[in-house]
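**Q** Pasting the sequence and the predicted coordinates here, then a few questions.
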Amino acid sequence: MDTEKKPNHLNIVAQCHEYGVPLIQCPQFVFLLMGIATIITIIISYQIGARYIDAPELVALVVLGITVFMFVISFSLTRSFERLAEASRMKSEFINIVSHQLRSPLSNLRWAIDFLMSGKLGRVEEGQTEYYKILRENSTRMAELVGDLLTASRIEQGTLPTRVISVSLKELAEETIKNSKPFADAYNTKIIFNAPDNLPNVLVDPSQIKLVLENLLDNAIRYIVEKGEINIKIEQLKDKICYEIKDSGVGIPEADQKFIFQKFFRSGNVMRHQTKGTGLGLFIAKSIIEKSDGEIGFRSREGKGTTFWFTLPMAK
């Protein structure tokens, strides 16, 4: 017996959730709006025709013609939206499946490399160690890319797990800075952190906000050329907590700034200085902050550095 659950095309909300698009972009909802607009247009056309045209047959033909025209336009627009939504859903599912399938092989690869480097299978020559380090570095980069793709896919599908609790943004920032210090030292970058001790907590998912902090700090470190400095500040602004990170890096060209939160986008001057990166970090950060009822933005001048900021509501 075939027990496969068939989609309910009358349930507009369920269809929108399946496509992973907002209600206003959902094909079924657009069709409903177009249907309402068609009915209103028919009524208005009839009222105008009945008032200014003496022949009832002519009024009926005019209304019928407008109805057919509106129906064809509505159907064409809805089909176009449906094809786009279906393509978007399939793309997200493909990324999700591929990301899941790649995680285990990459984990096994890194485990095998670490085991070989440990010398438990015999003495490791100096030349071999260098190649093992290259393999480990590239496998780590691959794992980061897979992780970013999986997170972005879950955000788009609305399936990113969320556990909201009251947490100190200052403590999360201090932990992130501590973990990133070796990376910052390698780039000859100094991190300066300022935050008062009596800051109220924020009501968020700490793992998600930590991911935002890591992405912002990682970008700030990577895009500093030669020696640099990063200033991080947390403060209370009325009923919100504001986080600000300012770097002395390459900055963002004005022409690129409107695209900065788009998936996979990397500005031209960044590509000249830094080849690593997925272009997903800022998309993920923006999605998480907005999902947490916060706001995010930035200020930047090319060659003068960039300041990213976000706000989160205080825990009540």
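**A** Cool, got the structure.
**Q** Is Leu160 within a helix or a strand, and which one?
**A** Under the criterion DSSP states H and E, no helix or strand holds Leu160.
**Q** Would you agree Glu174 is in contact with Asp197?
**A** No: at 11.7 Å, Glu174 does not count as touching Asp197 under the criterion of CB atoms under 8 Å. Yep, even glycine has a C-beta here, placed from its N, CA and C like the rest.
**Q** okay, those two: which has more neighbours?
**A** Of the pair Glu174 and Asp197, Glu174 is the one with more neighbours under other CB atoms under 10 Å, namely 15 against 5.
**Q** out of everything not next to it in sequence, what's closest to that one?
**A** Distance criterion CB to CB, 6 or more residues apart in numbering; nearest residue to Glu174, sequence neighbours excluded, is Phe193 at 7.1 Å.
**Q** ok but the one you found is inside a helix, no?
**A** No: Phe193: not assigned to a helix; according to DSSP: H, G, I helix; E, B strand; the rest coil it is strand.
**Q** And the helices in the stretch 151-300 of the chain?
**A** 169-186, 206-222, 268-273, 281-291 (DSSP state H, counting those that start in this stretch).
**Q** ok, which stretches of the chain are strands?
**A** Assigned by DSSP state E, the strands in the chain fall at 165-167, 189-194, 202-204, 228-237, 240-247, 295-301, 305-313.
**Q** Roughly how far does Lys316 sit from Ile39?
**A** 45 Å (CB to CB, to the nearest Å).
**Q** same check, this time on Asp293
**A** For Asp293, the distance to Ile39 - CB to CB - is 37 Å.
**Q** now Leu213
**A** Per CB to CB, Leu213 is found 51 Å from Ile39.
**Q** Next: Leu237.
**A** Taking CB to CB, one finds Leu237 at 48 Å from Ile39.
**Q** between these two, who's got more neighbours?
**A** Ile39 (12 against 9).
**Q** so who does the more buried one touch?
**A** Contacts for Ile39 (CB atoms under 8 Å, 6 or more residues apart in numbering) come out as none.
**Q** Let me know the pLDDT of it.
**A** At Ile39, the predicted lDDT confidence score is 76.
**Q** dump the residue contacts of Leu216.
**A** By CB under 8 Å, 6+ apart, the contact list for Leu216 reads 245, 281, 285, 308.
**Q** my bad, should have said Gln257
**A** 298, 300.
**Q** Nearest spatial neighbour of Ile191, chain-adjacent residues omitted?
**A** Ile230 (4.9 Å).
**Q** which residues touch that neighbour?
**A** Counting by CB under 8 Å, 6+ apart, Ile230 has contacts 184, 189-192, 217, 220-221, 224, 245-248.
**Q** now the residues you listed: which count as buried?
**A** 184, 189, 191, 217, 220-221, 224, 245-248 (16 or more other CB atoms under 10 Å).
**Q** circling back: can you tell me which of the contacts of Leu216 is nearest Ala255?
**A** Phe308 (18.7 Å; CB to CB).
**Q** Assess the claim that that closest one and Glu244 are in contact.
**A** Yes: using CB under 8 Å, Phe308 is in contact with Glu244, at 7.4 Å.
**Q** And the two? Which one has more around it.
**A** Shown here are Phe308 and Glu244; by other CB under 10 Å, Phe308 has more neighbours (23 against 18).
**Q** From Leu237, how far off is the closest residue to that one other than its chain neighbours?
**A** Closest residue in space to Phe308, ignoring its immediate chain neighbours: Phe298 at 4.6 Å, by CB to CB, 6+ apart. Here Phe298 is placed at a distance of 17 Å from Leu237 (CB to CB).
**Q** now stretch 309-316: mean pLDDT?
**A** 90.
**Q** so how far is that stretch from its chain's centroid?
**A** 19 Å (CA atoms, centre = their mean, to the nearest Å).
**Q** Could you pull out the buried residues of it?
**A** For stretch 309-316, by 16+ other CB under 10 Å, it's 309-314.
**Q** Is it possible to get TSV of the residues you listed that adds distance to Phe75?
**A** Below are the buried residues of stretch 309-316 laid out as TSV (distance: CB to CB, whole Å):
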residue	distance to Phe75
Trp309	46
Phe310	43
Thr311	44
Leu312	44
Pro313	43
Met314	49
